[in-house]
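Q: based on what follows, work out the 3D shape:
(chains A and B)
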Amino acid sequence: MTGSLPAFLYILIAGVAATAVWRLLGLALSRGLAEDSPLLEWVRAVSTALVAGLVARTVMFPPGALAEVELAARVGAFALGIALYMLGGKRLGLGVLGAALALLTADYALG
Amino acid sequence: MDLHGAGPLAPRRKTARSGTVDQINSAAGHALVLDTCIAAITLDLAGDCDKFRLGQQDNISYGMDGTGSESGSPAALGPGRRISRARWLAFLHGVRETPLIPPFILCLTFLGFGALASETGISLLNTLFMAVFIFALPGQVVLVDEMARGASVVTAAIAVTATAVRLLPMTVSLLPVIRDRTGPKWLEFLVAYFVAITYWVEAMRRTPRHPRPLRAAYTLGIAAALVLASSIGAAGGFLLAANVPRPVAAALLFLTPMYFLLSLVASSRSRADLLPIAAGLGFGPVLHLAVPDWDLLLTGLVGGTLSFAATRWWRRKARP
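A: Numbering: from 1, shown residues only, chains lettered A, B, ... in the order given. So this is what the prediction gives:
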């Protein structure tokens, strides 16, 4: 699964170190960099778009068991989650759980 | 249960850079003393309250490095020892004051991650290792994805690091809030190490109302509650995945993207912040079909840069 490298080392390098480096860089930069500097604004935009891209990819081209659910059910539940969050007083729990329940219901109804 | 009741935008107010006597003696300071006493009584440490209060008076000017007077008799605790105790209480206070909903959602989304890891064939120990020491769900999901595809460690590291860039601005904006020049450096290190979306949102909301010397410890309490909830979720999801019906497993996997998207929306401070979210949602699937190996990184760079440029252009135009 991870070539010749033990899974633990693979995770340590490609996961732990690859993540920690930005936090530690942030720690170092936080002493000098203004929070509203254009550079940080750009970095924030790039990372936000990246995570949103991951979200869209997971919904459109999902992994594992999620791939067995119809595309329409996935997109519908996703849209419903956003709507519940927006209309329900911006409660994350409502949006997330509502979407998951909607997906489950749609899956049983369609499948 | 006010999840994002006050709005994640609320905690953004600027605060003084270093602790002053005024600040410590402010209403907020007293509120913390009271709250911490309640915590202390609950934890059967009531006697420490007075020491804590004393510590607040004299720790301003000297000896707050948490190392002083370790050898002194218990009856004459030095200020350093007192602030250590106060920090410890603030930490427990942070754990206790963390509202139930964020750790609950985190636990649920880590259920999804645990289920994914289990389906990929990663061991339970490695799954927990990721949950605690990466502690950034997008990176973990990408890593598992890369491992499943048999990607090289370099490819995986680049993809994971690309998802983790967003932690840099979060760290840069959180650290000045908790920084205390007189405190030990390792506290700052720990705060930085666990920066992630949920922690950042909660810490930015809750920490500014506490006295500066105790902020790092207090936010670490929040972090501890969240790490614990995540680990429980990851282990639970791992063990459940093989034992639940497929539609339930699918619903578990769906929690993560939904949660990511809504936290991005929740931590946006203006309409302009929604632009990169929309760009990412649009570019993500298209670039995945066009350049499957570099889709996430390109989505970030293209979508983020376009949104950034558009926002700047629009702002310049709006200005007279």
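Q: from residue A:46, how far off is residue A:101?
A: 33 Å (CB to CB, to the nearest Å). All C-beta spots, glycine's among them, are computed from the backbone N, C-alpha and C.
Q: in the helix-or-strand element of chain A with minimal mean pLDDT, which residues are buried?
A: The least trusted helix or strand in chain A, going by mean pLDDT, DSSP states H and E, turns out to be helix A:38-60, with a mean of 85. For helix A:38-60, the neighbour count (16 or more other CB atoms under 10 Å in any protein chain shown) marks A:40-60 as buried.
Q: okay, which residue is most central for chain B?
A: Centroid-nearest residue in chain B, with CA atoms, centre = their mean: residue B:199, separated by 2.0 Å.
Q: is it within a helix or a strand, and which one?
A: Element membership of residue B:199, judged by DSSP states H and E, is helix B:197-206.
Q: what of residue B:135?
A: Using DSSP H and E, residue B:135 falls within no helix or strand.
Q: flag the shaky bits of chain B, pLDDT-wise.
A: For chain B, applying pLDDT under 70 flags the ranges B:1-80, B:320.
Q: what is the subsequent helix or strand relative to the helix of greatest length in it?
A: The residue-count maximum for a helix in chain B (DSSP state H) belongs to helix B:212-241. The C-terminal neighbour of helix B:212-241 among helices and strands, as given by DSSP H and E, is helix B:246-266.
Q: convert the C-alpha atoms of that next one to CSV, please.
A: Taking Å, rounded to 0.1, in the frame of the first residue of the first chain, the C-alpha atoms of helix B:246-266 are listed here in CSV:
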residue,chain,number,x,y,z
ARG,B,246,-23.3,0.3,3.3
PRO,B,247,-25.8,3.3,3.3
VAL,B,248,-24.8,4.1,6.8
ALA,B,249,-21.1,3.9,5.9
ALA,B,250,-21.8,6.2,3.0
ALA,B,251,-23.6,8.7,5.3
LEU,B,252,-20.5,8.6,7.7
LEU,B,253,-18.3,9.4,4.7
PHE,B,254,-20.6,12.3,3.8
LEU,B,255,-20.2,14.0,7.2
THR,B,256,-16.7,15.2,6.4
PRO,B,257,-17.2,17.2,3.2
MET,B,258,-20.4,18.7,4.6
TYR,B,259,-18.6,19.8,7.7
PHE,B,260,-15.6,21.2,5.8
LEU,B,261,-17.8,23.3,3.6
LEU,B,262,-19.9,24.7,6.5
SER,B,263,-16.9,25.5,8.6
LEU,B,264,-15.3,27.4,5.7
VAL,B,265,-18.6,29.4,5.4
ALA,B,266,-18.7,29.8,9.2
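Q: next structured bit after that helix?
A: That would be, after helix B:246-266 and using DSSP H and E, helix B:271-290.
Q: tell me which other helices or strands that next one touches.
A: Where contact means 3 or more CB pairs under 8 Å, 6 or more residues apart in numbering or on different chains; DSSP states H and E, helix B:271-290 is packed against helix A:38-60, helix B:246-266, helix B:295-318.
Q: now distance to residue B:284 too, for those helices, in a markdown table please.
A: Shown next, in a markdown table, are those (distance: least, CB to CB, whole Å):
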| stretch | distance to residue B:284 |
| --- | --- |
| helix A:38-60 | 3 |
| helix B:246-266 | 11 |
| helix B:295-318 | 5 |
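Q: of all those, which lies closest to residue A:75?
A: Nearest to residue A:75 among those is helix A:38-60 (6.5 Å), distances taken as CB to CB.
Q: does chain B sit close to the closest one?
A: Yes. Contact of helix A:38-60 with chain B (CB under 8 Å from any CB of the partner chain) involves A:38, A:40-60.
Q: any regions of chain A where pLDDT drops low?
A: In chain A, residues with pLDDT under 70: A:1-4, A:33-36, A:111.
Q: can you map out the helices along it?
A: All helices of chain A, identified by DSSP H, fall at A:7-11, A:18-29, A:38-60, A:71-87, A:92-110.
Q: sorry, back to before: of all the helices and strands packed on helix B:271-290, which one comes closest to residue A:87?
A: With CB to CB as the yardstick, what comes closest out of those is helix B:246-266 (12.9 Å).
Q: closest to residue B:300 out of the helices of chain A?
A: Closest among the helices of chain A, using CB to CB: helix A:38-60, at 3.1 Å.
Q: just checking, what packs against the closest one?
A: Secondary-structure packing of helix A:38-60 (3+ CB pairs under 8 Å, 6+ apart): helix A:71-87, helix B:137-148, helix B:153-164, helix B:167-178, helix B:246-266, helix B:271-290, helix B:295-318.
Q: so residue B:296 touches residue A:58, yeah?
A: No. Counting by CB atoms under 8 Å, residue B:296 stays clear of residue A:58, with 10.9 Å between them.
Q: who's in contact with the residue nearest to the centre of chain B?
A: B:219, B:222, B:223, B:226 (CB atoms under 8 Å, 6 or more residues apart in numbering or on different chains).
Q: how about these in TSV, adding distance to residue B:130 and neighbour count?
A: Formatted as TSV, these follow (distance: CB to CB, whole Å; neighbours: other CB atoms under 10 Å in any protein chain shown):
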residue	distance to residue B:130	neighbour count
B:219	22	29
B:222	21	28
B:223	16	25
B:226	15	24
